[in-house]
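Participant: structural data only, the sequence is not supplied:
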């Protein structure tokens, strides 16, 4: 009977340790939340773009949580407004993202590059491509920017509208007035 109790205790201890290690691994794989200022400072290019075309790229990225190679998506876009980027003089830009952006839509993109001559990549796993759209705000319809607040924090000084959610849960994104964000990024 005593031997059975010890074996059961060891098995229970191993299961608990496995759960603890598994939980810490999942927690470590979650992306850190960045501020708009941090994104701007880390970016090589910040611009307002209109997506012209998208295609699956030959480059890929190993996914942290699954260890599976996932191909990047290459976007070609017209530069509508350059906010940051000394070496950008062209009217078009090509960049990579892990998230597909929709052709014809406008975005504010924060692009980084790991190598000097490498094609730029949308920061924080593609979540730093902020869609611009006409939005119903308290003051009427205006151009707004959708910010995923799970990944990007925005200063309290911004007037923001919560995103629509089901079941009255905390919104995963907020809308900010386009002109307010552009003026803030240019300061």
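Facilitator: Arrived safely. Here the structure is a predicted model, which means the values were calculated and not measured.
Participant: buried stuff in the lengthiest strand in the chain?
Facilitator: Across the chain, the longest stretch assigned as strand under DSSP state E is strand 45-62. Using 16 or more other Cβ atoms under 10 Å as the test for burial, strand 45-62 gives 45-49, 51, 54. Quick note: C-beta positions are derived from backbone N, CA and C, even for glycine.
Participant: can you name every helix or strand that whichever helix or strand comes after that strand contacts?
Facilitator: Using DSSP states H and E, the helix or strand that directly follows strand 45-62 along the chain is strand 69-84. Applying 3 or more Cβ pairs under 8 Å, 6 or more residues apart in numbering; DSSP states H and E, we find strand 69-84 packed against strand 45-62, strand 92-97, strand 106-112, helix 178-186.
Participant: average pLDDT for strand 69-84, rounded please.
Facilitator: For strand 69-84, mean pLDDT rounds to 89.
Participant: quick check: closest non-adjacent residue to residue 124.
Facilitator: residue 151 (5.5 Å; Cβ to Cβ, 6 or more residues apart in numbering).
Participant: can you report how many residues neighbour that neighbour?
Facilitator: If you count neighbours by other Cβ atoms under 10 Å, residue 151 ends up with 19.
Participant: in this structure, which residue is closest to the centre?
Facilitator: For the chain, the residue nearest the mean C-alpha position is residue 127 (1.4 Å; Cα atoms, centre = their mean).
Participant: so what's that residue up against?
Facilitator: By Cβ atoms under 8 Å, 6 or more residues apart in numbering, the contact set of residue 127 is 31, 99, 148, 151-152.
Participant: how about these in a markdown table, adding secondary structure and distance to residue 39?
Facilitator: Output for the contacts of residue 127, formatted as a markdown table (DSSP: H, G, I helix; E, B strand; the rest coil; distance: Cβ to Cβ, whole Å):
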| residue | secondary structure | distance to residue 39 |
| --- | --- | --- |
| 31 | coil | 12 |
| 99 | coil | 15 |
| 148 | strand | 12 |
| 151 | coil | 10 |
| 152 | strand | 7 |
